[in-house]
Structures are given as structure tokens and as C-alpha cells.
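Asker: Got a sequence here, can you model it:
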Amino acid sequence: MKRNSILLFRCLSLLPLCLAASAQVISSNQPAPQGPVSYASASQLNTLLSQLEEASKAAQADLAKMRVEKWKTDSGSKRQAEGNVDSITRNLQSALPEIIAELRASPENLASTFKLYRNLDALYDVFESVAESAGAFGSKDEFQELENDVSAFEKARRAVAERMETLAGAKEVEVTRLRAALQNAQANTPSQPPAKIVVDDTAPVKKPVKKKSAPKAAPAPANPSPTAAPPK
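Answerer: Numbers count the residues shown, from 1 in each chain. Here you go, the predicted structure:
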């Protein structure tokens, strides 16, 4: 359990790093190469998902055959077991197929792989509780069938955990590669020189135009001479 917790923490911590590094490389106008999924990886996933789908069909058939009402226990325990059976059935019919389809569309998506692991982990816990109750209060056949289903889901859960660990290691390598590509892109981007202001001092300087002043009027005499008196 401790190892699984460390693995989940490692996977979750890598998700934002991958997204951030990818975004930085794309923003630097450098192509972010996305390698195709290898045949080995795709084949491994297809085998795992096919086995999981078969386990889901078998579990749904076994759960449908259960007769919880005939268990030798009180009504409260029966209601709890029936509620768990309904919860498992809904998950197998709805949630699990959606996650499987999502993972088939993106085989090496770490977030989708983690979602599948978390769903299988929850299914296993509830399924194990129902199987233990069947062993205590139900028939021997019911217990044996449910025990086989629990084993199948536990096997699938371990396989998904191992695949998730492999993908986490690959994503860590990818983060390192993207960081190196970003640093290389930044180093090769030429820095733009500061803009220069050019002053053209060869143009002739225009002389200001002088306005012609209006002609000045003759000044009036300050003390006009007295008019001479006519002779007597």
C-alpha cells in the first residue's frame, strides 16, 4: 500500500510538469514532437483492457445470480450488501466502460491511466467486502464465484499500477527532453537590438521670414510757429 501511495504521488506530480514544459516549448514557436505509441505499449494495453472487460462481464453475471435475500443474516446487513452490489453493477456498466474508451483513444495518457487505477482500486475494495459477506452469510458457490471475480480485478489493478509506473518514468524522461528543447530554443533565439533614432541634419535650415514694417508717418512739429501779423 505504501509503494502504491508513492507511485500515485509521483504520477500526479509529473502531470503539471509535462503540461507546463509542453506549453513553453510550443510558445517558443518550436515544434513539440509527439512520438507515436509503440506497438509493444499498444499491445500491452489492448491485452490488459480486453482481460478487464472479460472480468467485468463475468462479475456482472455473478452479481446478477446472487440471492442476498436468502443470506443468513439480519436485514440491515442484507440491505448494505444489496447496496454494494448495485454500486458495483452501475460502475461496471457505466463508469468503467467510459474510462476504458478514454484510454483506448489515448493509450499513454497518464491521467487516464491513473483514473482507471483509482476506479479499479475502489471497485476492488467494495467487491472484496461483498465477497467476504457472501462467504459468511451466503452459499459456497456464491462465495467462490465472487472470490474469482475479486482475484481478476486485483490482477488488473496490479497490471495498471505497473503500466502507470512505466508511463511515469517515460513522462519524466519527456519532461527532461522538453526542458532541454526549451533551453536550446531560448539560446538560439537572436536578441533584438534596441531601436535607434536617426536624426537627419543635412536638410537646410529655413530662415525665418521677416515681415515688412509699415512706413512711419512724419511726426507733427512739437511747437508750431506763430502766424505773422499783417503789416499795418
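Asker: residue boundaries of the strands in this structure?
Answerer: Assigned by DSSP state E, the strands in the chain number zero.
Asker: what helices or strands is the longest helix belonging to it leaning on?
Answerer: When the chain is parsed with DSSP state H, its longest helix is helix 140-188. Applying 3 or more C-beta pairs under 8 Å, 6 or more residues apart in numbering; DSSP states H and E, one finds that helix 140-188 contacts helix 2-27, helix 39-65, helix 110-137. (Each C-beta comes from the backbone N, C-alpha and C, glycine too.)
Asker: and those, which one's lowest on average pLDDT?
Answerer: Sorting the helices and strands packed on helix 140-188 by mean pLDDT places helix 2-27 lowest, at a mean of 47.
Asker: Just the C-alphas of stretch 171-180, formatted as CSV.
Answerer: The C-alpha trace of stretch 171-180 is given here as CSV (Å, rounded to 0.1, in the frame of the first residue of the first chain):
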residue,chain,number,x,y,z
LYS,A,171,7.0,11.1,-18.8
GLU,A,172,9.9,12.0,-16.6
VAL,A,173,12.3,11.5,-19.5
GLU,A,174,9.9,13.5,-21.7
VAL,A,175,9.9,16.4,-19.3
THR,A,176,13.7,16.4,-19.3
ARG,A,177,13.7,16.4,-23.1
LEU,A,178,11.2,19.2,-23.3
ARG,A,179,13.2,21.4,-20.9
ALA,A,180,16.4,20.8,-22.9
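Asker: I figured residue 66 hits residue 138, correct?
Answerer: Yes: if you go by C-beta atoms under 8 Å, residue 66 and residue 138 touch, sitting 7.2 Å apart.
Asker: The residue nearest to residue 143 when sequence neighbours are not counted: neighbour count?
Answerer: Distances taken as C-beta to C-beta, 6 or more residues apart in numbering place residue 135 nearest to residue 143, at 4.0 Å, with adjacent residues excluded. By the measure other C-beta atoms under 10 Å, the count of residues near residue 135 is 15.
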